[in-house]
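Student: The sequence isn't on hand, but the structure is:
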């Protein structure tokens, strides 16, 4: 089946530093990738939608200058949390949509646990 | 605005029982509905995808139904096993939109 690889699976960083999270579709091409944030025991909150070769679309309330998204190829999207603060600590999950569009299910990575100290 | 609700929030049953998880959505104009499983600290695993024109989908011991007009979907798990313990999420996509709207999930525990 379709596999989405997310790296790193966990990261601890100091306040003020930046962290990059990678999301790769390993066996299919993904024209669209999604970045979610999940707080403990809560559902997923969509942060942004990234389309290959174009700027990401951010959800209301998500700071685009803080959460930089790059989708440079059909198999890779990155999320960079800039100048991270403790309140950015969360579980970040990416998902990918194959080029089959809406008839194709979304496939999710295993998530990245970010802890900002 | 589409809202997705899952009831109950948590469910604990003995091993071997058949069970049903519920998902309701406020706007019946959906493109498809997807059921996911999430293990603690992990991402989501897609279980079943039902297109708006379909009534149900089956995969092994899992069966998902969709009643678009009433805004409901159910996930039926037959002969439950401890390995089925996880949080189950449903999500809907509306026509013309790329993103999914998720429910809060049902945390399922199967007791040996």
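Tutor: Here it is on my side, so go on. Keep in mind it's a predicted model, so treat the numbers as computed, not measured. Residues are numbered from 1 along each chain as shown, chains lettered A, B, ... in the order given.
Student: Please make it C-alpha for all contacts and neighbour counts, starting now.
Tutor: Fine.
Student: center of chain A, which residue is that?
Tutor: residue A:35 (3.5 Å; C-alpha atoms, centre = their mean).
Student: Enumerate every residue touching residue 74.
Tutor: Picked chain A for this. A:29, A:30, A:31, A:52 (C-alpha atoms under 8 Å, 6 or more residues apart in numbering or on different chains).
Student: Wait, chain B was what I had in mind.
Tutor: B:20, B:21, B:22, B:23, B:64, B:65, B:66.
Student: let's go with 6 Å and repeat that
Tutor: Each residue near residue B:74 by C-alpha atoms under 6 Å, 6 or more residues apart in numbering or on different chains is listed here: B:21, B:22, B:64, B:65.
Student: among those, which are in strands?
Tutor: Of those, the ones assigned to strands by DSSP state E are B:21, B:22, B:64, B:65.
Student: Buried residues, stretch A:15-26. List them.
Tutor: Buried positions in stretch A:15-26, judged by neighbour count with 16 or more other C-alpha atoms under 10 Å in any protein chain shown: A:15, A:19, A:21, A:22, A:23, A:24, A:25.
Student: Between the residues you listed, which sits nearest chain B?
Tutor: When the buried residues of stretch A:15-26 are ranked by distance to chain B (C-alpha to the nearest C-alpha), residue A:23 comes first, at 12.1 Å.
Student: ok, back up a step: what residue, apart from its backbone neighbours, is nearest the residue nearest to the centre of chain A spatially?
Tutor: Spatially, and ignoring its direct neighbours in sequence, residue A:35 is nearest to residue A:94 (4.5 Å; C-alpha to C-alpha, 6 or more residues apart in numbering or on different chains).
Student: Redo the buried residues of stretch A:15-26 as JSON lines? Include secondary structure.
Tutor: Output for the buried residues of stretch A:15-26, formatted as JSON lines (DSSP: H, G, I helix; E, B strand; the rest coil):
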{"residue": "A:15", "secondary structure": "coil"}
{"residue": "A:19", "secondary structure": "strand"}
{"residue": "A:21", "secondary structure": "strand"}
{"residue": "A:22", "secondary structure": "strand"}
{"residue": "A:23", "secondary structure": "strand"}
{"residue": "A:24", "secondary structure": "strand"}
{"residue": "A:25", "secondary structure": "strand"}
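Student: Go through the residues you listed and name the one with the lowest pLDDT.
Tutor: For the buried residues of stretch A:15-26, the weakest pLDDT value sits at residue A:25, with 91.
Student: now that one: how far from residue B:42?
Tutor: Taking C-alpha to C-alpha, to the nearest Å as the measure, residue A:25 falls 17 Å from residue B:42.
Student: residue in chain A nearest to chain B?
Tutor: Per C-alpha to the nearest C-alpha, residue A:110 is where chain A lies closest to chain B, at 3.8 Å.
Student: For that residue, which three-state class applies?
Tutor: From three-state DSSP, the assignment for residue A:110 is coil.
Student: how close does the closest residue to it other than its chain neighbours get to residue A:43?
Tutor: Once flanking residues are discounted, residue A:110 sits nearest to residue B:43: 3.8 Å by C-alpha to C-alpha, 6+ apart. Note on residue B:43: its distance to residue A:43, by C-alpha to C-alpha, is 12 Å.
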